[in-house]
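In: please work out how this folds:
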Amino acid sequence: MTAPSTEQTLRLVRWLPATPEAVFAAWTNADSLQTWMCPDPVHKTTAELDVRVGGCFRIVMCHGEHETVHTGVYREIQPPERLVFTWVSTTIRHHTTLVTVELRPLDEGTELILTHEGFPDVDAATQHDNGWQSIAAKLETYLYQGA
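Out: Sure thing, here's the model as predicted:
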């Protein structure tokens, strides 16, 4: 469904079973985000969010005895339709990338369009594509459960 392009950008499009307001809230609440931002094989995620333009976040994903730290800065916040932030992690060798989350209302749900751009290479984009696919599936399950 998604594939990294030669420009090291990936795009994910998915229908979610909630209003744009509920999906936006899931992205901007640390307790919520810790529940669903756990791509396989991550077993635990912790998150600290300062959701304001210029605010920072820190997300730590634990898998086995290994931790992956993701940090970034919120660049644009337009509830409930758009969230833009930088994304830096050890998996991309601390290279700064950009994530744009767009939410569009649909009948009985929301269309999520996630664009992640600026990867240092195709391998990093592919790895993140797999992670975002897993994360989107867990977000869908979280929303189905009535979050």
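In: contact partners for the residue lying closest to residue 32 once chain neighbours are set aside?
Out: The shortest distance from residue 32 to any non-neighbouring residue, by CB to CB, 6 or more residues apart in numbering, is to residue 26 (4.7 Å). In this view, the C-beta of every residue, glycine as well, is placed from N, C-alpha and C. Residue 26 makes contact with 18, 32-33, 36, 139, 142-143, 147 under the criterion CB atoms under 8 Å, 6 or more residues apart in numbering.
In: pull the most distant pair out of those residues.
Out: 18 and 33 (14.6 Å; CB to CB).
In: off-centre distance for the helix with the most length in the chain?
Out: Criterion DSSP state H: the longest helix present in the chain is helix 122-144. Put simply, helix 122-144 sits 8 Å off its chain's centre (CA atoms, centre = their mean, to the nearest Å).
In: which residues of this protein score low on pLDDT?
Out: Counting by pLDDT under 70, the ranges of the chain that qualify are 1-7, 147.
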